[in-house]
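K.L.:
all I have is the shape, not the residue letters:
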């Protein structure tokens, strides 16, 4: 099994404890379970990045937020939802478990 490299959190014992629990759970998985988890994490990452859009999309949203332009923010949110819907339609999950 692949073991996650430990990261020391000596100044944050609660983070170290959470990391240790996650590491133990990961190491208790079968290789097939680990592979499935990694695939789902990849999918989640790609979906999020598609939702964020390009650097220009992110800059436009930040600018609209800074000036309180709720109409522009709504338009950009709608575009983000369209990109995500296109991704989900093009790459449906193989299982929903």
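P.N.:
It's in. For clarity, every value in this text was computed on a predicted model and none was experimentally measured.

K.L.:
per-residue pLDDT, the residue lying closest to residue 65 once chain neighbours are set aside?
P.N.:
Once flanking residues are discounted, residue 65 sits nearest to residue 73: 6.3 Å by Cβ to Cβ, 6 or more residues apart in numbering. Every C-beta, even on glycine, is put in place using the N, C-alpha and C of the backbone. Note on residue 73: pLDDT of 97.

K.L.:
distance of residue 73 from residue 51?
P.N.:
Plainly put, residue 73 is 14 Å away from residue 51 if you go by Cβ to Cβ, to the nearest Å.

K.L.:
re earlier: list the residues that contact the residue nearest to residue 65.
P.N.:
When contacts are counted by Cβ atoms under 8 Å, 6 or more residues apart in numbering, residue 73 is found next to 61, 64-65.

K.L.:
let's see if you can find the most crowded of those.
P.N.:
When neighbours are counted by other Cβ atoms under 10 Å, residue 61 leads the contacts of residue 73 with 20 neighbours.

K.L.:
neighbours around residue 84, how many?
P.N.:
14.

K.L.:
thinking it is in contact with residue 49, fair?
P.N.:
No: if you go by Cβ atoms under 8 Å, residue 84 and residue 49 don't touch, sitting 10.3 Å apart.

K.L.:
shared neighbours, those two?
P.N.:
Common neighbours of residue 84 and residue 49 (Cβ under 8 Å, 6+ apart) do not exist.

K.L.:
buried stuff in the helix or strand where residue 51 lies?
P.N.:
Assigned by DSSP states H and E, residue 51 falls within helix 31-52. In terms of neighbour count (16 or more other Cβ atoms under 10 Å), helix 31-52 has no buried residues at all.

K.L.:
which elements pack onto the next helix or strand after it?
P.N.:
As assigned by DSSP H and E, the chain's next helix or strand after helix 31-52 is helix 55-67. Helices and strands touching helix 55-67, by 3 or more Cβ pairs under 8 Å, 6 or more residues apart in numbering; DSSP states H and E, are helix 70-90.
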